[in-house]
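Student: need coordinates for the below:
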Amino acid sequence: MNLFEIDKNIERALDNIQVDPETGEVTGTEELEALTMEKEKKINNTAMYYLSLLSEADAYGTQKKKFAEWETRLRKKAERLKAYISESLNGEKFNSDTIRISYYKSEAVETDENFIPWAEKFAPQFLTTKAPEANKLAIRRAIKAGQTVEGAQLVEKSNIQIR
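Tutor: Got it, this is the predicted structure:
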């Protein structure tokens with residue numbers, strides 16, 4: 001589905017373009033480049049095709065969110081039913097021609113609000129930490145304020161915008 005009326009030759013040529021997912025290398029542009037028409041028409045149609053692809057991707061994203069909400073709702077309902085069955089059976093096994101319910105033992109560690117402060121002081125091996133990550137917003141602010149930040153710099157880029 002295209003939102004724009006795109007020249008069929010250009011659309012076919014654009015559909016044949018491939019992008020290597022690992023390297024990002026673009027191949028198959030020969031057909032587009034071989035089309036003999038005005039550069040302006042080629043650019044215009046290619047940009048319209050780009051916007052059309054983004055629109056289609058947005059539509060899939062919207063559906064993905066809906067499906068995720070439905071999945072969450074169904075999983076919560078299933079968990080409530082599982083809890084109801086567990087309460088009803090009260091640890092007893094259940095067998096029928098189609099269903100078999102049994103229980104198994106497991107162990108889980110539970111901590112309270114006093115654990116983290118205690119572990120920070122006396123047992124840091126019981127804690128996990130995320131790997132450090134650059135806070136780029138703070139770095140940008142510091143550099144713009146005139147500070148020197150070792151190993152970081154502001155780089156001006158030129159980014160294309162198609163609307």
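Student: can you pull out the strands in this structure?
Tutor: For the chain, applying DSSP state E gives strands covering 18-19, 26-27, 94-95, 100-101.
Student: touching the second one from outside, list them.
Tutor: Meaning strand 26-27. Ile17, Gln18, Val19, Asp20 (CB atoms under 8 Å, 6 or more residues apart in numbering). In this view, the C-beta of every residue, glycine as well, is placed from N, C-alpha and C.
Student: and those residues, which is closest to Lys144?
Tutor: Nearest to Lys144 among those, counting by CB to CB, is Val19 at 35.4 Å.
Student: roughly how far apart are that closest one and Leu53?
Tutor: To Leu53, Val19 is 12 Å away according to CB to CB, to the nearest Å.
Student: find the residue ranges of the chain scoring beneath the pLDDT cut-off.
Tutor: Applying pLDDT under 70 to the chain flags residues 1-6, 35-39, 160, 162-163.
Student: longest helix anywhere in it?
Tutor: The longest helix of the chain (DSSP state H) is helix 39-89.
Student: now for that one, which elements pack on it?
Tutor: Using 3 or more CB pairs under 8 Å, 6 or more residues apart in numbering; DSSP states H and E, the elements in contact with helix 39-89 are helix 8-15.
Student: the inter-axis angle of the helix it packs on versus helix 39-89?
Tutor: Put simply, helix 8-15 runs at 50 degrees to helix 39-89, going by axes from the mean of the first three to the mean of the last three CA atoms, to 10 degrees.
Student: pull out the buried positions in helix 8-15.
Tutor: Neighbour-count burial for helix 8-15, counted by 16 or more other CB atoms under 10 Å, picks out Asn9, Ile10, Glu11, Ala13, Leu14.
Student: kind regards, and thank you for your time.
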